[in-house]
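[1] Predicted model and sequence follow; I will ask about them next.
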Amino acid sequence: MSSNPSVHSRLIEQTRKEINRLVEEIVQLTESTLAPAEFYQEFARRVQAAMAAPAVAVWSRAPDGRLTLAYQIGLHRAGLDQQGPAKESHERLLHAAAQQSRPFLIPPHSGGATQDAGAPANLTDFIVLVAPVLLENQVLGLVEVLQEADRSPEAQRGYLKFLVQMAGHVTTYLRNHQLRQITGQQQLWLQLEAYARLIHSSLKTRQVAYYVVNEGKKLIEADRVAVGSRLGKAVRVDAVSGVDVIEKRSSLVVAMHRLMEQVLAWGERLTYSGTRDESVPPAVINALDQYLAESGSKVLVVMPLPDGRDEKEAAPRRPRTALLAESFQPTASLESLLARLDVVARHAGPAMYNALEYERIPARWIWLPLAKIKDGLRGKTLAQAGAILATCVLLALALVFVPYPLKLSAKGQLLPEQRQIVYPQVAGRILQVKVTHGQPVQRGQELLVLHDLDLEQEIAGLNTRIAGLKKQLDVYDERLAQATAESERQQLRAERIKIEQELEMVTVRRDLKLKQSGRASESPVLAPISGVVVTFDLSELVGKTVKPGERLMQVARLEGPWYVEIHIPENHAGQVRRALATLGEPLRVDFLLTTDPDRKYTGWLYRNGLAGEATVHDNVTVVKARVEIPDVGRDVLDRTPVGAELRAKIHCGRHALGYVWFYELWEFIYERLIF
């Protein structure tokens, strides 16, 4: 090697220009319309050339967290293309990098802070450099480079910084690729929206099937589409694209009917693209051969259309609808046809299900007028879309390294454990309240007295009946005076005797009720437990008419244990559940009482203290939780009213500072703009 400084400086300048050229090419690639596989190939080649690396790999991450190799160059040099301890440790290392969302630099034959079996480690002879591909704080993939072990620490840090910049270019490409996909699919989504609206516009099976095949043919881009259904054991062909009237006896329709029947009995999707799948049941293969002999299809797909409501049942029913699509001169790939067919099937399945269910209703001519009457007696709108705000990548990287406690806000009440609401047992008017706020009571003690309105109404009804019977007697007396024939007079006397007997029975019943009213019209309401009346201003209850189940007052045992009931907003409940599951210990809850705002108290939320269902409190959907307060003294409880309002902070563990800072903002944006 020449020791001439000028030659050395020219070599450095030439290398720098070459690296800048490669970086510019990568930047140009991010704006190109290359498919992801082609982009990753060109990107990896240029990164390898710029870093003079023995190996480069690009990993993509699925929504479920799995990492798949998108493209690689030279991984065999490190022995990572074969099963063994090195590959297993390398996979754990990649998963750790994806979960922690930060760049890694692992020296050769190193495992970080631990060397335990199963821990992430680098068992190769190379330095492993990994940088995450971040988009909106989500790890979409990893860029990995294997570098020679003889590089200086300063060079290694430079390599890692350069790799992080290259991962940022991958993020730019993925964002541009998503935008292109959205733009390219806009027209398809408009067509799909019109298709969904059209097939759900009717409940007549034939009409829905006609829309499904003829409009679906345009979306699927197939030469012929047909749909068939099964009611009971019989299978029929409901519609074929391009045909107004189906000739049921034609050989093609008969073969199509047999094929749909066998596929519905099998319950799986049948795909044919020139070769038969021998794992398909023989009956389905025979029906397929018969149909192909009639149609001459090059590509054929027959798929059952299950409805989502069937899947929720304990024993899901077999699909009742089958969709057939075929091409004679296919211009698109089978994968493209299947993708479009799946989209159409998700809409066609429920539409056909609804039409078939409607067709099964017997005597619709009776129920339809009743349904119109019901619709006339009662009278959702859903539309909102938003945009996702882009954040600064450098700030996101800085915020990821600083842990900070996440505290979620909630409102609640301080309540005694033993308390019970007092309800009336009968409908009535409150005559007297025998207790006052703060008065101690014993179980079974009379709290108030009701006047039984049901008994009073019954007596009034009997009086009305007596008056009516007396009027009938007067009418019969007039008719007897006017009657001339003896037979008519005898009939009138007999009917009058019946009315007199009924009048006597009703009068006796009325008199008994009057005596009962004098003795039992006052119904006492008793204390369900021993304790203290905690309801304020009970005088307002006097004269009020109440019904069974209506809240009157509350009795609580103040000297017993107390607890805090908090109302966690539903959008925070998932975070609390995850914290309870991951931390493996109760969550600390700090709260301030509105009656004592200058002092902070502490409680503990256990896993069994979180309710399993959501309720509505103050027009907000919340999840209730019970917080134990062993550290709150009796002196505080004695001077605190029952149901005192409080504000609580739930400690949900330590998270990245950026996540903690922008958690509330993200929830607000997602709920108000995106959702």
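    Received, thanks. Numbering: from 1, shown residues only.
[2] Surely Ser327 touches Ser297?
    Yes: contact criterion CB atoms under 8 Å: Ser327 and Ser297 qualify, at 6.8 Å. Where you see a C-beta, it was placed from the backbone N, CA and C, and this is true even at glycine.
[3] Next, the contact list for Arg400, please.
    I think there's a mix-up here, since residue 400 is Val and not Arg. 101-102, 656-658 (CB atoms under 8 Å, 6 or more residues apart in numbering).
[4] show me what contacts the nearest residue to it once chain neighbours are set aside?
    Spatially, and ignoring its direct neighbours in sequence, Val400 is nearest to Ala656 (5.1 Å; CB to CB, 6 or more residues apart in numbering). The contact partners of Ala656, taken as CB under 8 Å, 6+ apart, are 399-404.
[5] which one of the residues you listed is nearest Glu154?
    Relative to Glu154, the closest of those is Phe401; by CB to CB it sits at 21.4 Å.
[6] ok, that closest one - how many residues close by?
    Phe401 has 12 neighbours, counted by other CB atoms under 10 Å.
[7] residue furthest from the geometric center of this protein?
    Thr484 (83.9 Å; CA atoms, centre = their mean).
[8] ok, and the closest non-adjacent residue to Val344?
    Per CB to CB, 6+ apart, closest to Val344 is Gly216, 4.8 Å.
[9] After the lowest-mean-pLDDT helix or strand in the chain, which helix or strand is next? Please name it.
    Lowest mean confidence among the helices and strands of the chain (mean pLDDT, DSSP states H and E): helix 308-311, at a mean of 56. Per DSSP states H and E, helix 308-311 leads on to strand 321-327 as the next helix or strand towards the C-terminus.
[10] And that following strand, what's buried?
    The neighbour-count check on strand 321-327 (16 or more other CB atoms under 10 Å) flags 321-327 as buried.
[11] next one: stretch 622-632
    Neighbour-count burial for stretch 622-632 flags 622-629, 632 (criterion: 16+ other CB under 10 Å).
[12] how far out from the middle of the chain is it?
    From the chain centre to the centre of stretch 622-632 is a distance of 27 Å (CA atoms, centre = their mean, to the nearest Å).
[13] Name the residues that touch it?
    410, 412, 414, 562-570, 573, 576, 586, 589, 591, 601-606, 609-611, 613-617, 648.
[14] Could you list which of these belong to helices?
    570, 573, 576 (DSSP state H).
[15] for the residue farthest from the centre of the chain, helix, strand, or coil?
    At Thr484 the chain is in coil, as set by DSSP: H, G, I helix; E, B strand; the rest coil.
[16] again, but for Val280
    Quick answer, by three-state DSSP: Val280 is coil.
[17] Look up the closest residue to it, ignoring the ones flanking it.
    Counting by CB to CB, 6+ apart, the residue nearest Val280 is Leu270, at 6.6 Å.
[18] For the stretch 251-400 of the chain, which segments count as helices?
    Remark: helices assigned in the stretch 251-400 of the chain by DSSP state H, counting those that start in this stretch are 251-266, 282-295, 308-311, 334-360, 364-376, 393-399.
[19] taking these together, which one is wrapped up most tightly?
    helix 251-266 (a mean of 20; mean count of other CB atoms under 10 Å).
[20] Mind giving me the packing neighbours of that one?
    strand 224-231, strand 234-240, helix 282-295, strand 299-304, strand 321-327 (3 or more CB pairs under 8 Å, 6 or more residues apart in numbering; DSSP states H and E).
[21] tell me which element Val170 is part of?
    Per DSSP H and E: helix 153-199 holds Val170.
[22] Show the average pLDDT along that helix.
    Computed over helix 153-199, the mean pLDDT rounds to 80.
[23] Give me the angle between it and helix 334-360.
    40 degrees (axes from the mean of the first three to the mean of the last three CA atoms, to 10 degrees).
[24] After helix 153-199, heading C-terminal, what element do we hit next?
    Next along from helix 153-199, by DSSP H and E: helix 205-220.
[25] Please name every helix or strand in contact with that following helix.
    Partner elements for helix 205-220 (3+ CB pairs under 8 Å, 6+ apart): helix 153-199, strand 224-231, strand 234-240, strand 321-327, helix 334-360.
[26] Quick one: closest of the ones you listed to Ile669.
    helix 153-199 (18.0 Å).
[27] Report all helices and strands that the closest one contacts.
    Looks like helix 153-199 contacts helix 5-30, helix 36-51, strand 104-106, strand 127-135, strand 138-147, helix 205-220, helix 334-360, helix 393-399 (3+ CB pairs under 8 Å, 6+ apart).
[28] re earlier: tell me what the residue nearest to Val280 is bridged to.
    Val302 (DSSP bridges).
[29] what sits against it?
    By CB under 8 Å, 6+ apart, the neighbours of Leu270 are 259, 263, 280, 284, 288, 300-303.
[30] hmm, back to that, for the helices and strands packed on helix 251-266, could you give me CSV that also reports distance to Leu29 and mean pLDDT?
    As requested, these are exported to CSV (distance: least, CB to CB, whole Å; pLDDT from 0 to 100):
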stretch, distance to Leu29, mean pLDDT
strand 224-231, 40, 87
strand 234-240, 47, 85
helix 282-295, 45, 89
strand 299-304, 34, 89
strand 321-327, 35, 89
